[in-house]
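Trainee: curious how this folds, go ahead:
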Amino acid sequence: MTRPKFVIVIPDGAADEPTELLGGKTPLQAAHVPSMDRVSREGIVGRSRNVPERFLPASDVATLSLFGYDPEKYYTGRAPLEAAAMGISLGPNDWAIRCNLMTILDGRLADFTAGHITSEEGRPLMEALQAALGRPNVEFHAGVSYRNLMIYRGQPGEARFDDSTISDPPHDHPDQPAAEHLPRGAGADLLRELMAAAGPILADHPVNRARTAAGKKPANAIWLWGQGNAPNVPPFEQVHGIKGAIISAVDLVRGVGVLAGWTRIDVPTATGYLDTDYAAKGRAAIEALKDHDIVCVHVEAPDEASHEGRADAKVEAIERIDHDIVNPVLDALRKYPEWRMVISPDHSTLLRTRAHDRALVAWAMAGTNLPASGLTYDELSARDGGGPFLTQGFRLMDRFLDLKWSGRPD
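Mentor: Next comes the predicted model:
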């Protein structure tokens, strides 16, 4: 007997507020999304709070919630999730710390992506940092594009970092003075030391000389943030009895899947940016359904568009997700006797502020035993349509997997 099939589509940061840039509409309202609307009309629309109040609104906490893990129990920091995706083991005294390659100009956080530097350019920069600044307890590891890691190898009984360590995400403070957002608290002295020492090394590197000559933004600084130690996440299959696969170009999201025990499926032409290969991700999801019970497709593009303040690009990214991913995957899902699909951003990313926000996100779910709402998929329908409102977003997964649940509001 064919097992039920489940698909989660995460349009990262797609949730937003009405903006004059789009005639007073949200990007979801402005976008032409017939397939997402088909999910909501044939199923239900609801809202969730994926980020508990005490956490910063970001994909690390929010993705844990979407995968059904209570961040209050399992979240230790952003960087450890990325370390898991990169295959970097963390001991009980070790800390992972995100290391952005970024552009700082006139003392301001000019671009947290260093002009979306490529992985091929970023790797020699990270190797140069390791050669110059690495030591027995400090390691620099190249990741994807501007998203890299620093690992601190601690000794038993050492408390170099703790809950008092504060580090600000650079993407939440565009164009603001860097000095106002430097790390503080336990271990901040080391982080500040490394950040200061990295500048001269990067400034004179051939990669940056070439980028500057080509009129591109140089990766002339690192930003250390998102620290955490190793999380202890129970395997998803142990909790729910089903086998999962994760499709994403972002190590953070891959890392949540890896920690959950899901199969990591890499799409070579997926970039984690606006130019990603949406259609290839859709094809990969359809193929993965053949030997997995649940498949997650994550797309970073709407979030990146918001960080750049580009309303047109955000709408286009949402429309590409609808046409190239939701449409073919939904058609494939409907061939199985029992199935469900849920579409949900992880968090809001506002065009107005170009930063993440802790506002509620709207989700749509269709499939076995769910009634037809007849509603479009957008924030207004989710707010006024009478659907479920989950104050704890991690509880959505249990309802999604429960084929007896008929969408009753809580």
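Trainee: part of a strand, is V297?
Mentor: Yes. Counting by DSSP: H, G, I helix; E, B strand; the rest coil, V297 falls inside a strand.
Trainee: any weak-confidence spans in this protein?
Mentor: Applying pLDDT under 70 to the chain picks out residues 1, 410.
Trainee: domains in this structure, by residue range?
Mentor: Structural domains annotated on the chain: 5-73+234-401, 85-228, as defined by automatic domain parsing.
Trainee: indicate which one of those is closest to A79.
Mentor: Among the domains of the chain, the nearest to A79 by CB to CB is domain 85-228 (3.7 Å). (Glycine included, C-beta is placed from N, CA and C.)
Trainee: returning to what we had before: what's the most buried one of the domains of the chain?
Mentor: Here the criterion is mean neighbour count by mean count of other CB atoms under 10 Å, and of those the winner is domain 5-73+234-401, at a mean of 21.
Trainee: quick one: contacts for I247?
Mentor: For I247, the contact set (CB atoms under 8 Å, 6 or more residues apart in numbering) comprises I265, V267, A270, K281, A284, A285, A288, V295, C296, V297, H298.
Trainee: any idea how far the closest residue in space to the third one that isn't next to it in sequence is from P169?
Mentor: In space, A270 comes closest to A249 once its chain neighbours are excluded; the distance is 3.9 Å by CB to CB, 6 or more residues apart in numbering. Between A249 and P169 the distance is 19 Å, computed by CB to CB, to the nearest Å.
Trainee: now swap in E53 and tell me
Mentor: Using CB to CB, E53 is found at 17 Å from P169.
Trainee: before we move on, what about F140?
Mentor: Per CB to CB, F140 is found 19 Å from P169.
Trainee: nearest residue to the residue minimising distance to the centre of the chain in space, please, no chain neighbours.
Mentor: Centroid-nearest residue in the chain, with CA atoms, centre = their mean: S59, separated by 4.0 Å. Closest residue to S59 apart from its sequence neighbours, by CB to CB, 6+ apart: D346 at 5.1 Å.
Trainee: quick one, phi/psi of the one you found?
Mentor: For D346, the backbone dihedrals (degrees, to the nearest 10) come out as phi -80, psi -40.
Trainee: same check, this time on M341
Mentor: Main-chain dihedrals, M341, degrees, to the nearest 10: phi -130, psi 140.
Trainee: how about the nearest residue to it, chain neighbours excluded?
Mentor: Using CB to CB, 6+ apart and skipping the chain neighbours, the partner closest in space to M341 is V7 (4.7 Å).
Trainee: could you grab the helix/strand/coil label for the one you found?
Mentor: Put simply, V7 is strand when judged by three-state DSSP.
Trainee: again with R47
Mentor: With three-state DSSP as the basis, R47 sits in strand.
Trainee: could you check how far it is from A15?
Mentor: Noted for R47: a distance of 10 Å to A15, by CB to CB.
Trainee: kind regards, and thank you for your time.
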